[in-house]
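>>> Give me the fold of what follows.
(one chain, ligands or ions: 1)
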Amino acid sequence: MTSPHTALPSDLDNALQRFAAEPQVLVCLDFDGCVAELVADAGSARPVPANAEAINALAPLEGITLAYISGRPLETLRELSSPPEGTLLVGSHGAEKYLGPDSPGLQLSPKEEMARRSVIETLEGVAAQHEGAWVEHKPAGAAIHVRRIEDRSRGEEVLNEARAALAVLDGAHIKEGKQILESVVVLSTKGEAIEELRELLRPAAVLFAGDDVTDEHGFAVLREGDVGVKVGDGETKAAFRIPEPAALANVLNRLVELRGAGSVGGETPPRSRSANADHHT
Ligand SMILES: O=P(O)(O)OC[C@H]1O[C@H](O[C@H]2O[C@H](CO)[C@@H](O)[C@H](O)[C@H]2O)[C@H](O)[C@@H](O)[C@@H]1O
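Numbering: from 1, shown residues only. All right, here's what the predicted structure looks like:
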């Protein structure tokens, strides 16, 4: 059922009303496939304009902390997302963090640096054999992309070849994604990043929105009162789902409306189930 107030399903709207009534909340957003549409040229991904507008309206509101939690390298994430002032940034699936000016940068050990070089060399070797495949070099590893290969099954074969080549490398950990295969030399997950932010900021509730396999680690750590929003198709642990990145603006604008209307701490619908109890897969 759709809420009479918004374009959102009423169960999601109720959850947002409860969330918005908490004094301090943390809003965590994945970037690609969530705030931004997926595109073939990874360097040209940008927030959907309506999402950017909603994010800019939400970020300055009292009691709201905004964080991007992404697989992108931290600096690329900053450049592509143009975050509002005060936004916390988690890049490289949790391996890189900007939590304020004193945040230390990522320092790889000599062993990790060696593993990273092997990952890059291995993936470049695979990509060189397949037109359309390309390798994104990242501070904590690398990713092979196949979105530019028109034939989806051929793209999957390239990813399988890369998976097999990476399997023999020491210290190279696989991360699955959409038309991409990543290998990282620092073990971290988006779930760990959310838990670290929760520990640091002590919000009463967390909202996390994401679209991909690695975002499931984030949904898995959500608790009662938190709000997990899966963007698009696919199995998920998130309690709620929206169809596409462009629909995220409805969620964020609803939060702006609820917080802006001075309803913080006001009357809210009764909490009837845990954040992860209702799986819309
Ligand atoms: O955690 P995210 O913010 O979702 O980042 C995950 C990966 O996203 C990027 O790749 C994906 O988006 C590209 C641009 O739309 C697309 O071309 C590619 O097929 C997708 O897999 C990014 O390039 C990676 O570094 C991120 O880890």
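>>> Who's the closest spatial neighbour of the one residue sitting closest to the centre of the chain, skipping the chain neighbours?
Geometric centre of the chain, nearest residue: residue 30, 2.1 Å, by C-alpha atoms, centre = their mean. Excluding the flanking residues, the one nearest residue 30 by C-beta to C-beta, 6 or more residues apart in numbering is residue 210, at 3.5 Å. Glycine gets a C-beta too; all of them are placed from N, C-alpha and C.
>>> residues contacting the one you found?
29, 30, 33, 34, 69, 190, 218, 219, 229, 230, 231, 238 (C-beta atoms under 8 Å, 6 or more residues apart in numbering).
>>> how far away is it from the ligand?
Separation of residue 210 from the ligand (C-beta to the nearest ligand atom, to the nearest Å) stands at 7 Å.
>>> who's that residue bridged to?
The partner list for residue 210 in beta bridges (DSSP bridges) reads residue 230.
>>> so what's it scoring on pLDDT?
Residue 210 is assigned a predicted lDDT (pLDDT) of 98.
>>> what's the answer for residue 267, then?
For residue 267, the model assigns a pLDDT of 43.
>>> now swap in the one 3 residues further on and tell me
Residue 270 carries a pLDDT value of 47.
>>> quick one, strands of the stretch 51-200 of the chain?
64-69, 88-91, 96-98, 134-138, 141-145, 173-177, 180-184 (DSSP state E, counting those that start in this stretch).
>>> Show me the one of those strands that comes nearest residue 114.
Closest to residue 114 of the strands of the stretch 51-200 of the chain is strand 141-145 (C-beta to C-beta; 12.3 Å).
>>> could you give the angle of the closest one to strand 173-177?
40 degrees (axes from the mean of the first three to the mean of the last three C-alpha atoms, to 10 degrees).
>>> since we're on residue 7, how many residues are nearby?
If you count neighbours by other C-beta atoms under 10 Å, residue 7 ends up with 14.
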